[in-house]
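Peer 1: After the sequence you'll find the predicted model.
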Amino acid sequence: MRKKIAAANWKMNLTIQEGKELVNSILNEIQSIPEGKELIFAVPFPYITEIETQLKGHQNTSVAAQNISNLKAGAYTGEVCGFMLQSIATKYVIIGHSERRMYFHETNEVTKSKVDLALEYKISPLFCCGEPLEIRESGSQNEFVYKQVEESLFHLDAENIQKVVIAYEPIWAIGTGLTASSEQAQEMHAAIRNLLSSKYGHNVAENISILYGGSVKANNAAELFAMKDVDGGLVGGASLDAHEFAAIVKAL
Ligand SMILES: O=C(CO)COP(=O)(O)O
């Protein structure tokens, strides 16, 4: 049975002190996360260990890195690679976020290497896909997203694909206040699950969590998460506000 997940993506925000205060307030508001659900904080690299320590004893909570190198190890100044993240017990890593595709020129080929390196070091990819506005307006969003998923994930076998969490994040909805309607989200999530099913079979596809990201807020989370194939959210802006994010987690 796939999990319901609320994941906070802090992006390049907050000091460690602010981050810890935020986590503290969120944990105070939500108290506990039941089995079958998970709360993930995707934090900047330097904060991973401290936030992990803070989450100890809180069931079904974990930390994600926001990036991983596509290179294995060695003379690559400034890079952070898989074995390093494994050595600090990082459970998840965001791969293929549109901001990395856009500003750091990550291609489907690069994200494929990152997926492989994450899995090699026992870290689950939170794999992001999603189309820009002009593609949505042209009506070819499904083909665009299929290509991202196929080129970066479809070399995986049935066992490994089930370690991946997919996040559908339409670029036109990220940080814009423009959310995909719950019907638009459901339509794309069902299409992604059908694609997974055509390659891996129904049972495998049913086991993979598909999150929605793009202006998820306290006032739209419940409606989005109620959709059959929407298994939670990857949340940017609203995850920086304790009360707002706690309400999103409660809507899971
Ligand atoms: O990019 C996102 C999460 O990864 C979504 O960001 P917003 O929630 O700020 O739109």
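Peer 2: Good, I have the coordinates. Numbers count the residues shown, from 1 in each chain.
Peer 1: Which pLDDT value goes with the closest residue to the ligand within the stretch 1-150 of the chain?
Peer 2: Taking C-beta to the nearest ligand atom, the ligand has its nearest neighbour within the stretch 1-150 of the chain at Asn9, 3.7 Å off. Where C-beta positions appear, they are placed from N, C-alpha and C, glycine not excepted. What the model reports as pLDDT for Asn9 is 98.
Peer 1: so who does the residue lying closest to Glu151 once chain neighbours are set aside touch?
Peer 2: Leaving out its chain neighbours, the residue that sits closest to Glu151 by C-beta to C-beta, 6 or more residues apart in numbering is Asn108, at 3.8 Å. Listed by C-beta atoms under 8 Å, 6 or more residues apart in numbering, the contact partners of Asn108 are Lys147, Gln148, Glu151, Ser152.
Peer 1: cutoff 7 Å now
Peer 2: Asn108 is in contact with Gln148, Glu151, Ser152, counting by C-beta atoms under 7 Å, 6 or more residues apart in numbering.
Peer 1: Equivalent analysis for Val149, please.
Peer 2: Val149 neighbours (C-beta under 7 Å, 6+ apart): Cys129, Ile192, Leu195.
Peer 1: Now rank these by neighbours and give me the top one.
Peer 2: Within the contacts of Val149, most neighbours by other C-beta atoms under 10 Å means Cys129, with 26 neighbours.
Peer 1: Specify the beta-bridge partners of that one.
Peer 2: Here Cys129 sits in beta bridges with Tyr168, going by DSSP bridges.
Peer 1: pretty sure it is touching Pro170, no?
Peer 2: No: at 9.4 Å, Cys129 does not count as touching Pro170 under the criterion of C-beta atoms under 7 Å.
Peer 1: if we can go back for a sec, reformat the contacts of Val149 as CSV; add pLDDT and distance to Glu35.
Peer 2: Formatted as CSV, the contacts of Val149 follow (pLDDT from 0 to 100; distance: C-beta to C-beta, whole Å):
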residue, pLDDT, distance to Glu35
Cys129, 98, 28
Ile192, 98, 25
Leu195, 98, 29
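Peer 1: Now for the nearest residue to Leu55 once chain neighbours are set aside: which residues touch it?
Peer 2: Of all residues not flanking Leu55 in the chain, Thr61 sits nearest, at 4.6 Å (C-beta to C-beta, 6+ apart). The neighbours of Thr61, taking C-beta under 7 Å, 6+ apart as the test, are Ile33, Leu39, Leu55.
Peer 1: and the closest residue to the ligand within the stretch 151-252 of the chain, how many neighbours?
Peer 2: Going by C-beta to the nearest ligand atom, the ligand is nearest to Gly236 of the stretch 151-252 of the chain, at 2.4 Å. If you count neighbours by other C-beta under 10 Å, Gly236 ends up with 22.
Peer 1: I'd say it and Asn9 touch.
Peer 2: Yes: contact between Gly236 and Asn9 holds when scored by C-beta under 7 Å: they sit 5.1 Å apart.
Peer 1: And the contacts of Thr61, which is closest to Arg100?
Peer 2: Comparing those against Arg100 with C-beta to C-beta places Leu39 closest, at 23.0 Å.
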